[in-house]
Structure formats: structure tokens, C-alpha cells
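Chemist: any chance you can model this:
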Amino acid sequence: QVELVESGGGAVQAGGSLRLSCAASGRTFGAFAMGWFRQAPGKEREFVAGITWAGYRTATSDSVKGRFTISRGDATNTVFLQMNNLKLEDTAVYYCAAKTGYFSRAEPDYEWWGQGTQVTVSS
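Modeler: Coordinates of the predicted model:
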């Protein structure tokens with residue numbers, strides 16, 4: 001079993017930055033690929049970024065490319081999502097997810113999920 005706890009969400013003005021963290025506990029952390037997803041009001045949950053278990057490969061969605069960066073620190077069992085130049089449309093609940101094997105952009109591929117953290121961007 002893997003438990004994931006997100007933190008770092010909050011309210012920020014457009015153009016600002018936030019750094020989300022996801023702390024994992026339970027099974028060996030390094031063996032899991034990690035992903036960040038988000039769900040805006042009235043919309044389906046969507047892929048934001050993913051990272052391999054070793055951290056050598058990452059991917060981000062086109063909507064956040066160049067603004068968001070995913071990274072991980074295995075020493076602390078934590079995955080980060082650095083979000084810069086935030087836009088109004090980035091407002092959503094952000095979820096951390098974990099899966100065995102390579103990371104995926106598909107939500108059903110992920111086996112474990114955090115409870116989510118709210119990010120609100122205002123003008």
C-alpha cells in the first residue's frame with residue numbers, strides 16, 4: 001500500500017508561483033512512477049506532469065509546458081510540482097498519483113492517489 005499526501009496549494013495571483021509537494025509512505029518509494037493530475041470545476045481530471053521512478057524522464061501536458069516542472073527527491077520520498085506564471089485556467093484541485101512501472105498520462109493506469117490540494121489563481 002502506498003499513501004500519498006499533497007501540500008503546498010493555496011491562492012495566488014495570476015503570474016505568481018506555487019510549489020506543490022507529494023509525500024509518499026508505505027512501499028518502497030523509488031519503484032514507482034509518479035504523476036500530477038488536476039481537476040477543475042465541471043471538468044474531468046487531466047494529466048499535468050509525470051516522472052519516472054529514477055527521475056530521468058519527465059513529461060508535461062501542453063497546457064503547462066514551459067511553466068510547470070516536476071521533480072522528485074527520493075531521499076525524502078517526495079515529488080514536487082513547481083508551477084510558475086500561473087494562469088486563471090490553472091485553478092483546480094491537484095492530485096498526486098503513483099503507479100508501478102513507467103509513468104503514464106492515463107488516469108486509470110495509476111494505482112494510488114492522494115486526497116488533492118486546491119490551487120486557486122485570481123486576477
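Chemist: tell me where the protein has strands.
Modeler: In the chain, the strands defined using DSSP state E lie at 2-7, 10-13, 18-26, 32-39, 46-51, 58-60, 68-73, 78-83, 92-100, 112-113, 117-122.
Chemist: among these, which is nearest residue 106?
Modeler: Of all those, strand 46-51 sits nearest to residue 106, with 7.5 Å by CB to CB. From N, CA and C alone the C-beta is placed, and that goes for glycine too.
Chemist: other residues contacting that closest one?
Modeler: By CB atoms under 8 Å, 6 or more residues apart in numbering, the surrounding residues in contact with strand 46-51 are 33-39, 57-61, 64, 68-72, 79, 81, 94, 103-107.
Chemist: now the residue nearest the centre of the chain: how far from residue 117?
Modeler: Taking CA atoms, centre = their mean, the centroid of the chain lies closest to residue 36, which sits 2.4 Å from it. As judged by CB to CB, to the nearest Å, residue 36 and residue 117 stand 10 Å apart.
Chemist: picking up where we left off before, mean pLDDT added to the strands of the chain, as CSV?
Modeler: Compiled in CSV, the strands of the chain are given as follows (pLDDT from 0 to 100):
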stretch, mean pLDDT
strand 2-7, 93
strand 10-13, 98
strand 18-26, 92
strand 32-39, 94
strand 46-51, 96
strand 58-60, 94
strand 68-73, 92
strand 78-83, 94
strand 92-100, 95
strand 112-113, 95
strand 117-122, 98
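Chemist: list the contacts of stretch 80-94.
Modeler: Residues from elsewhere that reach stretch 80-94 (CB under 8 Å, 6+ apart): 6, 9, 12, 14-22, 36-41, 43, 48-49, 63-64, 67-73, 116-123.
Chemist: quick one, which of the residues you listed are buried?
Modeler: With burial judged by 16 or more other CB atoms under 10 Å, the buried subset of the contacts of stretch 80-94 is 6, 9, 12, 18, 20-22, 36-38, 48-49, 64, 68-70, 72, 116-117, 119, 121.
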